[in-house]
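Visitor: Pasted the sequence and its predicted model underneath.
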Amino acid sequence: MRALLPVPGADPAPGPSLLGPEPARLARAAVERLEAEPLDRPTLQTCLEPLIAQLAGYLPVARKALELQPSTAARFSGEHEPEATLAHYRRYDAYFGVDRSEAVTWTEVSAQLVLTSLRWLQDLPGTMLARGQQHAILLGLTSAYTELAGTGTTAPGVPEPLEADVFFRWRNGHHLFALGSLFGRVALERCAASLERLPELIEPAIVHLRLTSSAMAYTTDFPRSLYVDQIRPSLPEGFSGNQNSDYNHFKLAKGKLLKAVILAHGPHTDGWPEPLLAALRRFREIDQLDLDQHILVAAEKVGLGPSLRQRARGEDDSAVRALRRIQADRASEFHLP
């Protein structure tokens, strides 16, 4: 199972989406039921069946769109990052089965969205995700389907059976996380380009950040023993989520947004418009909750010991404490008190 995504920091090139309006409509209906009813798992599965069938109808054209071969060009990032960083990105992608190309368009992104989200939807009834996590991912997918709703049409189809094991969920969850990071980064860059509309434009960034937080819960929704016995031994030495280029570029987009705000309104928050401040405060609180999820995953899977990256560096620390320090640092992002 592989995924095709743009090179880090690059926006997908223009291209027609494979999707029509139906996936967004059906996903929105599922979200509304989750918000209104205490669904049990069989009812949830029934609720998702129309969306699953609709996405399955796109499978043939989506697979054809993803036949584009990944680029082997040396230029891997528009951010001009050090070669050591790019090497980490490449290793991370190789492990999770992610191919990159500078030629990726929104057509390929819509195709990847079909495959990854369909796998998640099929797998969802077998997970133990909390209602709020199900809602956050479905809401993020609704936003993505809406963003990419074009003129594509297809008849409902029958999805292929999943061979869902621990590595399937581990990999598909990371592909879902990558897509959420991509859509979230694009949303933040739109905020930076149109600050007067920031209170409106930051909501999609928040929705996709919440998707990535819950995608982490999905990615690791299996017993700790399987992580210890199967997943962790498969990870390269020094492996770390900090080597995830999509998430790193989402974080870089936060810095670009801050720079745009300072250039427009000055360095002191008392000179910033109140609607802009309120929107940034809301984003920061969701970002803090995102780190709460990182910490919970680390505590449950790694325990109170070091991460692989810390172990490779010989650090006498724990993954949980390191994440708590990051969380404290991010509390003052955007210069907010």
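Guide: Thanks, I have it.
Visitor: what pLDDT does residue 317 get?
Guide: Residue 317 carries a pLDDT score of 84 in this model.
Visitor: Kindly report the same for residue 309.
Guide: The predicted local confidence for residue 309 is 82.
Visitor: Help me confirm that it comes into contact with residue 238.
Guide: Yes - using C-beta atoms under 8 Å, residue 309 is in contact with residue 238, at 5.3 Å. Quick note: C-beta positions are derived from backbone N, CA and C, even for glycine.
Visitor: how much distance is there from stretch 101-113 to the middle of the chain?
Guide: Between the centre of stretch 101-113 and the centre of its chain there are 15 Å (C-alpha atoms, centre = their mean, to the nearest Å).
Visitor: contacting residues around it?
Guide: Residues outside stretch 101-113 that contact it (C-beta atoms under 8 Å, 6 or more residues apart in numbering): 3-7, 10, 12-19, 58, 61-63, 65-66, 68-71, 73, 75, 141, 144-145, 148, 150, 152, 175, 179, 182.
Visitor: of those, buried ones?
Guide: Among those, those classed as buried by neighbour count (16 or more other C-beta atoms under 10 Å) are 3-7, 10, 12, 15, 17-19, 58, 61-62, 65-66, 68, 70, 141, 144-145, 148, 152, 175, 179, 182.
Visitor: In strands, which of these appear?
Guide: Counting by DSSP state E, the buried ones among the contacts of stretch 101-113 place 3, 4, 5, 6 in strands.
Visitor: Determine which two of those residues are furthest apart.
Guide: Spanning the widest gap among these are 3 and 6, at 11.2 Å by C-beta to C-beta.
Visitor: Which strands or helices does the helix or strand hosting residue 170 pack on?
Guide: For residue 170, the host element (DSSP states H and E) is helix 166-193. Here helix 166-193 touches strand 3-6, helix 83-96, helix 106-123, helix 131-147, helix 198-219, helix 245-265, going by 3 or more C-beta pairs under 8 Å, 6 or more residues apart in numbering; DSSP states H and E.
Visitor: These into CSV, with extra columns for mean pLDDT and distance to residue 163?
Guide: Listed next are the helices and strands packed on helix 166-193 as CSV, based on pLDDT from 0 to 100; distance: least, C-beta to C-beta, whole Å:
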stretch, mean pLDDT, distance to residue 163
strand 3-6, 94, 17
helix 83-96, 90, 17
helix 106-123, 97, 11
helix 131-147, 97, 21
helix 198-219, 96, 17
helix 245-265, 95, 25
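Visitor: Including distance to residue 166, could those go into a markdown table?
Guide: Shown next, in a markdown table, are the helices and strands packed on helix 166-193 (distance: least, C-beta to C-beta, whole Å):
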| stretch | distance to residue 166 |
| --- | --- |
| strand 3-6 | 18 |
| helix 83-96 | 14 |
| helix 106-123 | 12 |
| helix 131-147 | 18 |
| helix 198-219 | 10 |
| helix 245-265 | 22 |
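Visitor: and residue 23, which of these is closest to it?
Guide: helix 131-147 (4.1 Å).
Visitor: Need the contact partners of that closest one.
Guide: 19, 23-24, 27-28, 30-31, 34-35, 44, 113, 117, 120, 124, 129, 176, 179-180, 183, 204, 207-208, 210-215, 217-218.
Visitor: Could you turn the buried ones of these into a PyMOL selection?
Guide: The PyMOL command for the buried members of these (criterion: 16+ other C-beta under 10 Å) is given here:
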select buried, resi 19+23+24+27+28+30+31+34+44+113+117+120+124+129+176+179+180+183+204+207+208+210+211+212+213+214+215+217+218
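Visitor: tell me the phi and psi of residue 152?
Guide: phi -60, psi 140 (degrees, to the nearest 10).
Visitor: you'd agree it is up against residue 17?
Guide: Yes - at 6.2 Å, residue 152 counts as touching residue 17 under the criterion of C-beta under 8 Å.
Visitor: returning to what we had before: list just the nearest of the ones in strands among the buried ones among the contacts of stretch 101-113 to residue 300.
Guide: residue 3 (25.4 Å).
Visitor: do you know how far that closest one is from residue 93?
Guide: 9 Å (C-beta to C-beta, to the nearest Å).
Visitor: any shared contact partners between the two?
Guide: residue 99.
Visitor: What residues does the spatially closest residue to residue 266 that is not a sequence neighbour make contact with?
Guide: Excluding the flanking residues, the one nearest residue 266 by C-beta to C-beta, 6 or more residues apart in numbering is residue 272, at 7.8 Å. Each residue near residue 272 by C-beta under 8 Å, 6+ apart is listed here: 261, 265, 266.
Visitor: Residue 245 too?
Guide: 8, 9, 77, 89, 92, 93.
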